[in-house]
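J.: compute the structure for the input listed below.
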Amino acid sequence: MNIAIIPARGGSKRIPRKNIQLFAGKPIIAYSIRAAVDSGLFDQVMVSTDDAEIAEIAQQYGAVLPFYRSEATSNDFAGIAEVLIEVIEQYQEKGQIFDKVCCILPTAPFVASNDLTQSYNQWIGTDFDALFPVVRYSFPIQRALQFEGDSIKMIWPENRTVRSQDLMPTFHDAGLFYWVKVSVLLQEKKVWTEHTTAFEIDESRAQDIDTPEDWKIAELKFSILKNIDHES
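T.: As a prediction, this is how the structure comes out:
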């Protein structure tokens, strides 16, 4: 059995009420919920929250909330793994056992149901503990620069004349979702183990949303992608 858990506490600081702010006309958490529901992969699509308003909105879009998040996992220092483990253990106390969990971030409007399906299909036939989406860096990080006093220097000067195509591609976490085996999560207490693989997505479909400026950029990208989809 599979479960999708969307962690959405009420106490966001930089963007107040971030998880239910309207994004392109809908509460931003709605996109994560609908992607999970529409994928058909999950026996439960659950939102973990400490906030009654978030709970009400989440249920309107198809999520379930059999219990609220505890105070211990509602502070600024609780990690994703702690939140997921709390949910899994509460389900186990009720006799519901899940094999795989997908943590979908509540501010991930670019995630689509086919991302979840394709990544799951890529992962399910392997022995990897976990999988998450990554984005390729558009510029080779091997040519990264740093300041030394007022001077700008290459961190790795040996790469100054190496052709870009000869440098190893590098990636970063897309910040959308994380698949992990429940048994591994409970044992390792983390969503990213030493035996984890990745699912590559295009950089146009990933955007950190940590500031009001990020939010505006994300809505602009979302609008452009929506128009492209309609034209294609």
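
J.: tell me who's in contact with Asp115.
T.: Listed by CB atoms under 8 Å, 6 or more residues apart in numbering, the contact set of Asp115 reads 35, 133, 176-177, 199, 201. C-beta coordinates here come from the backbone N, C-alpha and C atoms, glycine included.

J.: verify the contact between Ile20 and Lys26 for me.
T.: No: between Ile20 and Lys26 there is no contact under CB atoms under 8 Å: 9.7 Å.

J.: who has more neighbours out of those two?
T.: With neighbours defined as other CB atoms under 10 Å, Ile20 and Lys26 compare such that Ile20 has more, 22 against 15.

J.: need the contact list for the closest residue to Leu65 other than its chain neighbours.
T.: In space, and not counting its chain neighbours, Leu65 is closest to Ala55: 4.9 Å by CB to CB, 6 or more residues apart in numbering. Counting by CB under 8 Å, 6+ apart, Ala55 touches 47, 49, 65, 68.

J.: what's the offset of the helix or strand in which Leu186 is found from the middle of its chain?
T.: Using DSSP states H and E, Leu186 maps to helix 182-188. How far helix 182-188 lies from its chain's middle: 19 Å, per CA atoms, centre = their mean, to the nearest Å.

J.: re the thing from before, buried ones among the contacts of Ala55?
T.: 47, 49, 65 (16 or more other CB atoms under 10 Å).

J.: in which helix or strand does the spatially closest residue to Ile201 that is not a sequence neighbour reside?
T.: Distance criterion CB to CB, 6+ apart; nearest residue to Ile201, sequence neighbours excluded, is Pro133 at 4.9 Å. Using DSSP H and E, Pro133 sits in strand 130-136.

J.: out of the buried ones among the contacts of Ala55, which is nearest to Leu105?
T.: Val47 (11.6 Å; CB to CB).

J.: so what sits opposite the closest one in the bridge?
T.: In this entry, Val47 is beta-bridged to Ile6, by DSSP bridges.

J.: at the geometric centre of the chain, which residue do we find?
T.: Leu176 (2.4 Å; CA atoms, centre = their mean).

J.: what stretches of the chain score poorly on pLDDT?
T.: 229-232 (pLDDT under 70).

J.: quick one: the helices in the protein, in order.
T.: 29-39, 52-60, 80-93, 113-124, 182-188, 212-231 (DSSP state H).

J.: for the fifth one, which positions count as buried?
T.: This means helix 182-188. So helix 182-188, judged by 16+ other CB under 10 Å, has buried residues 182, 184-185, 188.
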